[in-house]
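> here is the input, now give the coordinates:
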Amino acid sequence: MSDKIINFDHVTFSYPDTESPAVKDLSFSIEKGSWTALIGHNGSGKSTVSKLINGLLAPDDLEKSTITVDGVKLAADTVWDIREKVGIVFQNPDNQFVGATVSDDVAFGLENRAVPREEMVKIVAQAVADVGMADYAGAEPSSLSGGQKQRVAIAGILAVKPKVMILDESTSMLDPEGKQQILDLVRRVKEENDLTVISITHDLDEAALADQVLVMDDGVLIDQGIPREIFAKVDLMEKIGLDIPFVYRLKQLLSGKGIQIPETVTSEEELVKSLCQLNLKM
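Modelled structure (predicted):
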C-alpha cells in the first residue's frame, strides 16, 4: 500500500473569466502522517490547492488532471468521500461557526453524519477536552478570543476523525503567543490522531517547522524539499518576494562574519545551544 496520502498529477485549475490558470500543471505528493507547508506570495495558488484537495474546487479537466486523497480519486461521484477525509481550519473561524455554543458547533459535523446522540455527546466532550476548551463547552463561539476560536474549529475537525487537516492561514490573525499555542496544539493532535497536516501560510517561521515545504509562484510549483534545503536558497526566496525565517537569516549573517553554524540547526533553541558551544571553545 502506498504511503502517499495525497497525489496531484498534472493538475490545472482556472477561475471563471480569468486569463490564466490559478494552478498550472501541478504535480506533487504528500506522505501519510507528515506536516507539509505550502508557501508563496498572495495569488500564488496556495489556497486554491487547499480547496482542490477536498473537492471544493475541481480541476479544469478531470481526464487530464488527477487528484487522489487516501486512495480515492476525485470525481463527481467521490467528492463527498474525499470531504470525509479532509478538514480545513480557515483564517477566520467565525466563517465556520454554525452552532449556538461550542459543543453545538463541534457536534455539527456529527449530526450531518447521523451519529447517534449518545455517541455524539461522548465524541464532542472528548474533542472539546482534547483542545483545552472543556471549560467553554457552553459558551457562545462569538465570545471567544481568536486563539480559542481556532481551538474550537480544530475540535470540530477532530470530532469527525479525518485523515488530513489543512490549516489555511489559520494562525495569521493571532498574536505570537496565540500562534505558538495553536501550532503546539496541532502538532500534539497530529501525533495523537495520526493526522497528515498541510499548512498554507505566509509565516515562514511556521513553515520551518514542517517536514516538507512546497514553494509556489503564480500557480506553479517551483521547488520542494525539507525546510533547511528550501530556506538555504536565499536568492530564490527573494526572487518570489519571500523572506527567510529568522533562524536562517541569522545563520546567513553569522556566516558572513565567519561563524559557521551546522546545517542541522533549524530552531532558535538549537541556534542558541550551538552559539553557546562555540563560545565555550573560544
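> where's the residue lying closest to F13 once chain neighbours are set aside relative to F8, distance?
Distance criterion C-beta to C-beta, 6 or more residues apart in numbering; nearest residue to F13, sequence neighbours excluded, is V23 at 4.5 Å. Yep, even glycine has a C-beta here, placed from its N, CA and C like the rest. As judged by C-beta to C-beta, to the nearest Å, V23 and F8 stand 9 Å apart.
> where do the contact lists of the two overlap?
By C-beta atoms under 8 Å, 6 or more residues apart in numbering, V23 and F8 have these common neighbours: V49, L52.
> so those two - more neighbours on which side?
Just comparing V23 and F8: by other C-beta atoms under 10 Å the higher neighbour count belongs to V23, 26 against 23.
> that one contacts L52, correct?
Yes: assessed by C-beta atoms under 8 Å, V23 is found in contact with L52 at 7.0 Å.
> hey, what's in contact with both of those two?
Residues touching both V23 and L52 comprise V11, F13, with contact defined as C-beta under 8 Å, 6+ apart.
> in this structure, where is pLDDT below threshold?
Within the chain, the stretches falling below the threshold (pLDDT under 70) are 1-2, 281-282.
> please name the bridge partners of the residue sitting nearest the centre point of it.
Residue closest to the mean C-alpha point of the chain, counted by C-alpha atoms, centre = their mean, is S199 at 1.8 Å. Beta bridges link S199 to A37, L167, judged by DSSP bridges.
> can you mark which positions in stretch 197-211 are buried?
197-210 (16 or more other C-beta atoms under 10 Å).
> same check, this time on stretch 13-21
F13, S14, P21.
> from the chain's centre, how far out does the helix or strand containing D105 sit?
For D105, the enclosing helix or strand under DSSP states H and E is helix 102-112. The chain centre lies 22 Å from the centre of helix 102-112; the measure is C-alpha atoms, centre = their mean, to the nearest Å.
> equivalent analysis for stretch 256-268, please.
With C-alpha atoms, centre = their mean as the basis, the distance from the averaged C-alpha position of stretch 256-268 to the chain average is 27 Å.
> how about stretch 108-115?
Stretch 108-115 has its average C-alpha position 24 Å from the chain's average C-alpha position, going by C-alpha atoms, centre = their mean.
> what lies in contact with it?
With contact meaning C-beta under 8 Å, 6+ apart, stretch 108-115 is reached by V98, G99, M120, I123, V124, G156, I157, A159, V160.
> is it possible to get a markdown table of those that adds secondary structure and distance to I259?
Listed next are the contacts of stretch 108-115 as a markdown table, based on DSSP: H, G, I helix; E, B strand; the rest coil; distance: C-beta to C-beta, whole Å:
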| residue | secondary structure | distance to I259 |
| --- | --- | --- |
| V98 | coil | 54 |
| G99 | coil | 54 |
| M120 | helix | 57 |
| I123 | helix | 52 |
| V124 | helix | 53 |
| G156 | helix | 47 |
| I157 | helix | 43 |
| A159 | helix | 49 |
| V160 | coil | 49 |
